[in-house]
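1. The sequence isn't on hand, but the structure is:
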């Protein structure tokens, strides 16, 4: 199968590409590098020395390189916004992709107008209001009726949607596309490339780490408050680190020296950072609501579920400290869970199975 993966966030498509190649498929990744994360791609759609040049390149490089987006069995687009902020250019792109290729699918991953519009209806809590308040300082442009209406037109050219977790599955269904949305497929992680070592507490201090990126969206402001309380209450027992906006390789090195990784407060499910942490054998606190079990046949991951509430967060962190004697055992369970449910080869096979179904229908 000849496959084009278009776009990259959090390493998802790089992981998927490697797994698909191992299964014998021809795969091309066209993407920007997500700026400081420095993800590689076969077709460069936006590598910039600063955020402005990076965004500018994203506006014209897909246009100039569109001739390389032809002749594929499958084109899988990671997000509606291949072109930043431009619904009309993205609508042009999906029409072009559908005209020159066989099957076009869209990943349910990351912010899009449907997630922004419907997440507050389909979820008990959503990251969008906090993101608007702390990260943007104004309403999200994706809220506009224009962006939403163009995404509905965009969906006319999409053969199917592959959500990566409950959150995106629920919002695509709420937008009226349950007939085009497959059951969520877990994000792929190649544990063979991620070192696992025993999660040992050094100097009698449990090291907590939270990766800094879009603090309003992830709930960093709540984690900061909880970390401050934790350090005051247990000064000899904890070290709390908040750091971010680093390359993926550096992030993994920082993560390797921690005991507990805190991911997103507003998430219902585990995101890529949480899964990379678990693959390293870290204790994870993040999204583990009951709805996330849709990925795992009703089973919930062995993590501490975080809620967007300061008292609940503090209680969860104290619970981790109370269970510090079990960290080594819990760490092994983290790794095994990722191997069982997120192994990149088995995840890639699920993508291929779904794409084959769509090819038969096309």
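-> Good, I have the coordinates. Fair warning: this is a prediction, and the values are worked out from it, not measured in the lab. Residues are numbered from 1 along each chain as shown.

2. all contacts plus neighbour counts: C-alpha atoms, from now on.
-> Will do.

3. right, and residue 277 touches residue 261 too?
-> Yes. In this structure residue 277 lies within contact range of residue 261 using CA atoms under 8 Å: 6.6 Å.

4. Same drill for those two, tell me which one is more crowded.
-> Set side by side, residue 277 and residue 261 show more neighbours around residue 277, with 27 against 22, by other CA atoms under 10 Å.

5. In which helix or strand does the more buried one reside?
-> Element membership for residue 277, per DSSP states H and E: helix 272-280.

6. residues in contact with that helix?
-> If you take CA atoms under 8 Å, 6 or more residues apart in numbering as the criterion, helix 272-280 is touched by 10-12, 187, 189, 191, 194-197, 255-256, 261-263, 283-286, 331, 334-336, 338-339.

7. Among the residues you listed, which lie within strands?
-> Of the positions in the contacts of helix 272-280, 261-262, 283-286 sit in strands, assigned by DSSP state E.

8. any shared contact partners between residue 277 and residue 261?
-> Taking CA under 8 Å, 6+ apart as the contact criterion, the residues that touch both residue 277 and residue 261 are 255, 283-284.

9. how about the residues you listed in TSV, adding distance to residue 214 and pLDDT?
-> Formatted as TSV, the shared contacts of residue 277 and residue 261 follow (distance: CA to CA, whole Å; pLDDT from 0 to 100):
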residue	distance to residue 214	pLDDT
255	18	92
283	22	97
284	19	98
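
10. Switch the residues you listed over to JSON lines; also include distance to residue 178.
-> Conversion of the shared contacts of residue 277 and residue 261 to JSON lines gives the following (distance: CA to CA, whole Å):
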{"residue": "255", "distance to residue 178": "38"}
{"residue": "283", "distance to residue 178": "35"}
{"residue": "284", "distance to residue 178": "31"}
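
11. So which residues of this structure form strands?
-> For the chain, applying DSSP E gives strands covering 2-6, 26-31, 43-44, 74-77, 103-108, 160-163, 206-212, 238-244, 260-262, 283-286, 304-305.

12. Please identify the pairing partners of the third one and their relative orientation?
-> Strand 43-44 has the following strand partners under DSSP bridges: strand 26-31 (parallel).

13. Report the buried residues of the strand it pairs with.
-> Neighbour counts using 16 or more other CA atoms under 10 Å place 27-31 of strand 26-31 among the buried residues.

14. okay, the residues you listed in JSON lines with pLDDT next?
-> As requested, the buried residues of strand 26-31 are exported to JSON lines (pLDDT from 0 to 100):
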{"residue": "27", "pLDDT": "98"}
{"residue": "28", "pLDDT": "98"}
{"residue": "29", "pLDDT": "97"}
{"residue": "30", "pLDDT": "96"}
{"residue": "31", "pLDDT": "92"}
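
15. List just the nearest of those residues to residue 132.
-> For the buried residues of strand 26-31, the minimum distance to residue 132 (CA to CA) is 26.2 Å, reached by residue 31.

16. Quick one: mean pLDDT for the helix holding residue 277?
-> pLDDT averaged over helix 272-280 equals 96, rounded to a whole number.

17. With stretch 345-362 instead?
-> For stretch 345-362, mean pLDDT rounds to 97.

18. which outside residues touch that stretch?
-> The list of residues contacting stretch 345-362 from outside it, by CA under 8 Å, 6+ apart, reads 16, 19-20, 22-23, 74, 102-103, 159-160, 182, 185-188, 190.

19. out of these, which are buried?
-> When burial is judged by neighbour count using 16+ other CA under 10 Å, the buried members of the contacts of stretch 345-362 are 16, 19-20, 74, 102-103, 159-160, 185-188, 190.

20. In helices, which of those residues fall?
-> Counted as lying in helices by DSSP state H, out of the buried ones among the contacts of stretch 345-362, are 16, 19-20.

21. And the helices in the stretch 201-350 of the chain, which stretches?
-> Under the criterion DSSP state H, counting those that start in this stretch, the stretch 201-350 of the chain contains helices at 215-218, 220-233, 248-256, 272-280, 310-322, 327-342, 344-361.

22. which residue packs closest to residue 125, ignoring adjacent ones?
-> Distances taken as CA to CA, 6 or more residues apart in numbering put residue 266 closest to residue 125, at 6.6 Å, once the chain neighbours are dropped.

23. May I see the buried residues of strand 26-31 arranged in JSON lines, with distance to residue 214 as well?
-> As requested, the buried residues of strand 26-31 are arranged in JSON lines below (distance: CA to CA, whole Å):
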{"residue": "27", "distance to residue 214": "31"}
{"residue": "28", "distance to residue 214": "29"}
{"residue": "29", "distance to residue 214": "25"}
{"residue": "30", "distance to residue 214": "24"}
{"residue": "31", "distance to residue 214": "21"}
